[in-house]
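Engineer: sequence and predicted structure below; questions after.
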Amino acid sequence: MLGVGDEDGQVLLYDLPSGYLLRRIVAHMGSTQSIALGRQYVASGGRDGRVLLTLLDGGEPAEVVRHDSSVTSIALGGRHMASGSHDGRVLLTPLDDGVPEALPVVIAGDYSIRLTINRYLLMIHTPSETLFWHVHRRAHLASLLHLREG
């Protein structure tokens, strides 16, 4: 399955390899900026600052998190969701109780962050470094600086 966000705030789910449109979800006011597909859910983040979860097999989108600015990154993994916004804040949200927790990190600059999450590890990728967080302990484990050639 492939998830795509569009300028109209929709989430489009396609079957691969047929290319058939399986579902059109009306989600955000303004463009959909980021999509993450999990086993049961599609998570979407929009220019409206909202993070929505929608069951893949049906149902309406439910707002789980609201950022103060445009959502630029989302990741689903295990029982957690991570979301990052244009203002540099990163929120970690357990899917069972849905109470978001702001990580004590702010990514400065005018760019998107990329989030990758698995069962225990959250990696926050920026142009200058990669930060590693333990999901359950809420602990910063390490930072790797990216070296530039030249």
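Structural biologist: Yes, it's here.
Engineer: show me what contacts residue 90?
Structural biologist: 82-84, 102-103, 105, 107, 113, 115, 124 (CB atoms under 8 Å, 6 or more residues apart in numbering). Yep, even glycine has a C-beta here, placed from its N, CA and C like the rest.
Engineer: now residue 131
Structural biologist: 105, 123-124, 140, 142-143.
Engineer: if we use 6 Å, what do you get?
Structural biologist: Shown in contact with residue 131 (CB atoms under 6 Å, 6 or more residues apart in numbering): 124, 143.
Engineer: and it, how far from residue 142?
Structural biologist: 8 Å (CB to CB, to the nearest Å).
Engineer: the residue most central in space within the chain: what secondary structure?
Structural biologist: In the chain, the C-alpha nearest the mean C-alpha coordinate belongs to residue 74, at 0.6 Å (CA atoms, centre = their mean). Under DSSP: H, G, I helix; E, B strand; the rest coil, residue 74 falls in the strand class.
Engineer: and after the lowest-mean-pLDDT helix or strand in the chain, which helix or strand comes next?
Structural biologist: Within the chain, confidence by mean pLDDT, DSSP states H and E is lowest for strand 114-117 among all helices and strands, at a mean of 65. Going down the chain from strand 114-117, the next helix or strand is strand 121-125, by DSSP states H and E.
Engineer: got the angle for the next helix or strand after that next one vs strand 121-125?
Structural biologist: For strand 121-125, the following helix or strand on the C-terminal side (DSSP H and E) is strand 129-134. If you take axes from the mean of the first three to the mean of the last three CA atoms, to 10 degrees, strand 129-134 sits at 160 degrees to strand 121-125.
Engineer: can you give me the offset of the helix or strand following strand 129-134 from its chain's centre?
Structural biologist: Sequence-wise, the next helix or strand downstream of strand 129-134 (DSSP H and E) is strand 139-145. Here strand 139-145 shows a centroid-to-chain-centroid distance of 20 Å under the convention CA atoms, centre = their mean, to the nearest Å.
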